[in-house]
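**Q** just a sequence and a predicted model for now, questions to come.
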Protein chains: 2
Amino acid sequence: MLTVKWTEKGGWEAPQLRPYGPLDLMPTASCIHYATQAFEGMKGYRGVDGKLRLFRPDLNSKRMTLSSTRIALPSFPPEELEELIKAFVAVDCAKWLPDPNTFIYIRPAIIASGAALGVQKPREATLFIIAVLFPPMDSPNGLRLLASKEDMGTRAWPGGHGWSKVGANYGPTLQAQGEARERGFDQILWLLGKEGRVTEAGASNFFIVWKHKYTGRLQLVTAPLGDKIILDGVTRRSVLELSRARLTHQPSEIRREVQHLEKVEVVEEDFTIHDLVEAHAEGRLVEAFACGTAFFVAPIAYIQYVDEGIDVPMTAATEDGGKAGPYASAIKTWLKEIMYGRVQHPWGVVVEERGAK
Amino acid sequence: MLTVKWTEKGGWEAPQLRPYGPLDLMPTASCIHYATQAFEGMKGYRGVDGKLRLFRPDLNSKRMTLSSTRIALPSFPPEELEELIKAFVAVDCAKWLPDPNTFIYIRPAIIASGAALGVQKPREATLFIIAVLFPPMDSPNGLRLLASKEDMGTRAWPGGHGWSKVGANYGPTLQAQGEARERGFDQILWLLGKEGRVTEAGASNFFIVWKHKYTGRLQLVTAPLGDKIILDGVTRRSVLELSRARLTHQPSEIRREVQHLEKVEVVEEDFTIHDLVEAHAEGRLVEAFACGTAFFVAPIAYIQYVDEGIDVPMTAATEDGGKAGPYASAIKTWLKEIMYGRVQHPWGVVVEERGAK
């Protein structure tokens, strides 16, 4: 693990690489009482060419600054954080990824580590980076979502902090998530307000493809970032950018593999669970998927809203042998190509290794 | 400090009393990433009769259960928690309070302490109790509050967890609090929504006394608990109960010391910052105060709302030589009488000491 200490007086100290072990936190540490904590999630990929890559680490590094200042923690310069993450991956992660097409999950975090029980802006903090190996969380049969009801809580709200990666967005959702699991669902589809605005799926961004009610045009839709409720996900952003570049022309001038797909409009707009129910009833719902770093691009097979069941079509075969919607399937392939170096792309940032493999 | 471990399989283990020192938390512990943490705040008082008392510890113990389950942590049986707190105070706190009229702050907390980075219901937890000495945080000249604007965030919202004592309610408020301090204010007065509902002051409940706009009747008002936005504060509840018992009759049949005060209606009802501005402009605002365990009953001297300044009257002298509104002053005296054993009252729960003084 890598740690960097900060004090209000002295600023950031020199980074220390040390063996993985307990954090030296006193029982009065602000981070375990007042949720003065923010984090990032990213992956290091071993490519088909044997190279180690990060996926758009600049975005994670910038978001970390936004999240930590939201929670009254100091800002770590994004460019330096990116360098620190690269150094950590080069020295510490490479050896855990001997084989191509594997990844390691990287967790930079910042916590108020000072021993001070007062409810006030922290005067000490620790940034740390750790890495964890876990298997791909593929869902070949698609996720089953339970739409949240009012008594299950609200993930985020205007004026809150849903847009940032602070701990306070996660703990309060686990009770509802536990209820969903017990009832046989994978995640909660978080709705907001009496109108039932669709926001996120579990801790992932949520996309649908539908035919628009009035125009009949095919649209790839996700909730907008405008009122700071939705996390500005790196995968979300990448899905939007790739889709705008590659799926809005017809016939595709640039991509042979999606010439069988109708072009879509890519829009960031609010929609409600009622819109979704209606689209399904009218046969206009083409597919739905969740996306984020941990779960990657996960097709949605089913959504339960009160007594209403939405069977979401999953008509395409994915390269890992599962099913998905055709758009999610194409997007998933494109992202993997970049992550694992099957294509060279500026988003796939090669990390020069320093440790022995 | 006192600790009790919990695992999903084995349940609660036996409590351990051990020397104050670092918690054994791994960098993957859920509580430092996902705000899986809840706490309580209470005080142990050394009375004028030399006895050690807790103030309504049953309420703290019950609320701890509600808070910890809100955050997907296990519930610790309230009666047992109360006994544990009493034992801790008897053995560990007594020696720190040699003199009458002193207090020690007690912090029971529960955190997801297991090393598991998954965003899921915790499988391990630790309950701990620590105590901290700090001087009374009296504000003889009254607090100056800055009413929150939309860009400063929202403390709590319908469907959220403002009613519970979870860490996620605190960290996200510190940025705004820091801004308030820099501008010369003590705390934020948290408003909710476009209508500017008045909710809490900093991490304390908020009360006003005013003459009602239409009836002209004197009212003691605080925001209601109905939609789970407001913390069900022990001091809040005690202020309401004492006021209902002792301030709603005129002339007071039971209390000689408040015969100079007009009777009040005690109401839990929403009001907005605009109502407050208007009441002030029309000379109907009698006083305002914040209350909570840490800050006790703190009179409010001034509230800034955008360009509007509200000078809140503070017309009574308090027994500690400061100023306050007359109702806050009477309530403060009554609560202190109970806490420090100047009167015997069921809310002042005597703890039998076991350690040497």
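**A** Yes, it's here. These numbers were taken from a predicted model, which means no experiment stands behind them.

**Q** contacts only, for the most centrally placed residue in chain A.
**A** Computing the C-alpha centroid of chain A and ranking residues by CA atoms, centre = their mean puts residue A:292 first, at 2.7 Å. Residues near residue A:292 by CB atoms under 8 Å, 6 or more residues apart in numbering or on different chains: A:41, A:203-205, A:233, A:235-236. The way it works is simple: take the backbone N, C-alpha and C, and place the C-beta from them, glycine included.

**Q** could you identify the least confident member of the residues you listed?
**A** Minimum pLDDT across the contacts of residue A:292 is recorded for residue A:203, with 93.

**Q** so that residue sits against residue A:167, correct?
**A** No. Counting by CB atoms under 8 Å, residue A:203 does not reach residue A:167; the two are 11.6 Å apart.

**Q** more crowded one of the two?
**A** More crowded of residue A:203 and residue A:167, by other CB atoms under 10 Å in any protein chain shown: residue A:167, with 30 against 24.

**Q** any idea how far that one lies from residue A:31?
**A** Using CB to CB, to the nearest Å, residue A:167 is found at 8 Å from residue A:31.

**Q** spell out which residues are contacts of both of these two.
**A** Joint contacts of residue A:167 and residue A:31 (CB under 8 Å, 6+ apart) are A:37, B:32.

**Q** residues touching the closest residue to the residue nearest to the centre of chain A other than its chain neighbours, list them.
**A** The spatially closest residue to residue A:292, leaving aside those adjacent along the chain, is residue A:204, at 3.7 Å (CB to CB, 6 or more residues apart in numbering or on different chains). Residues in contact with residue A:204 (CB under 8 Å, 6+ apart) are A:187, A:233, A:290-292, A:294-295, A:298.

**Q** list the contacts of the helix or strand where residue A:85 lies.
**A** Remark: residue A:85 resides in helix A:78-88, with elements defined by DSSP states H and E. Contacts to helix A:78-88, defined as CB under 8 Å, 6+ apart, come from residues A:2, A:4, A:15, A:17, A:42, A:54, A:57-58, A:60-62, A:64-65, A:106, A:108, A:127, A:129, A:131, A:349, A:351, A:354.

**Q** what about residue A:197, how many neighbours?
**A** 17.

**Q** okay, now the sheet partners of the one helix or strand in chain A whose mean pLDDT sits lowest, with direction.
**A** Sorting the helices and strands of chain A by mean pLDDT, DSSP states H and E puts strand A:316-317 at the bottom, at a mean of 86. Paired neighbours of strand A:316-317 in the sheet (DSSP bridges): strand A:323-324 (antiparallel).

**Q** for the helix or strand following the strand it pairs with, packing partners?
**A** Once strand A:323-324 ends, the next helix or strand along the chain (criterion: DSSP H and E) is helix A:326-339. With contacts taken as 3 or more CB pairs under 8 Å, 6 or more residues apart in numbering or on different chains; DSSP states H and E, helix A:326-339 sits against strand A:52-55, helix A:234-246, strand A:285-292, strand A:296-305, strand A:316-317.

**Q** can you put these in JSON lines and add distance to residue B:257?
**A** Shown next, in JSON lines, are those (distance: least, CB to CB, whole Å):
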{"stretch": "strand A:52-55", "distance to residue B:257": "70"}
{"stretch": "helix A:234-246", "distance to residue B:257": "63"}
{"stretch": "strand A:285-292", "distance to residue B:257": "61"}
{"stretch": "strand A:296-305", "distance to residue B:257": "58"}
{"stretch": "strand A:316-317", "distance to residue B:257": "79"}
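
**Q** just to check, residue A:46 is in contact with residue A:93?
**A** No. The criterion here is CB under 8 Å, and residue A:46 misses it with residue A:93 at 9.4 Å.

**Q** mutual contacts of the two, please.
**A** With CB under 8 Å, 6+ apart, residue A:46 and residue A:93 have common neighbours residue A:52.

**Q** okay, and the beta partners of the residue nearest to the centre of chain A?
**A** Beta-bridge partners of residue A:292, as defined by DSSP bridges: residue A:296.

**Q** give me the pLDDT for it.
**A** pLDDT for residue A:292: 96.

**Q** again with residue A:250
**A** 66.

**Q** what mean pLDDT would you report for stretch A:111-118?
**A** 93.

**Q** would you work out how far apart the start and end of that stretch are?
**A** One end of stretch A:111-118 sits 15 Å from the other (CA to CA, to the nearest Å).

**Q** any residues of the stretch 151-300 of chain A in contact with chain B? List them.
**A** Where the stretch 151-300 of chain A comes near chain B, counting by CB under 8 Å from any CB of the partner chain, the residues are A:153-154, A:157-161, A:166-172, A:174-175, A:177-178, A:181, A:202-203, A:294.

**Q** ok, 10 Å please
**A** A:151-161, A:164-179, A:181-182, A:187, A:191-194, A:202-204, A:228, A:294-295 (CB under 10 Å from any CB of the partner chain).

**Q** show me these that map onto helices.
**A** If you go by DSSP state H, those have A:174-179, A:181-182 in helices.

**Q** count of neighbours near the residue lying closest to residue A:238 once chain neighbours are set aside?
**A** Leaving aside its chain neighbours, residue A:238 sits nearest to residue A:335 (6.4 Å; criterion: CB to CB, 6+ apart). Residues within reach of residue A:335, counting by other CB under 10 Å, total 21.

**Q** how about the contacts made by residue A:335?
**A** Counting by CB atoms under 10 Å, 6 or more residues apart in numbering or on different chains, residue A:335 touches A:55, A:235, A:238-239, A:242, A:291, A:296-297, A:345, A:347-348.

**Q** any idea how far residue A:207 is from the residue nearest to the centre of chain A?
**A** For residue A:292 relative to residue A:207 (CB to CB), the value is 11 Å.

**Q** any shared contact partners between those two?
**A** Residues touching both residue A:292 and residue A:207 (CB under 10 Å, 6+ apart) are A:201, A:236.
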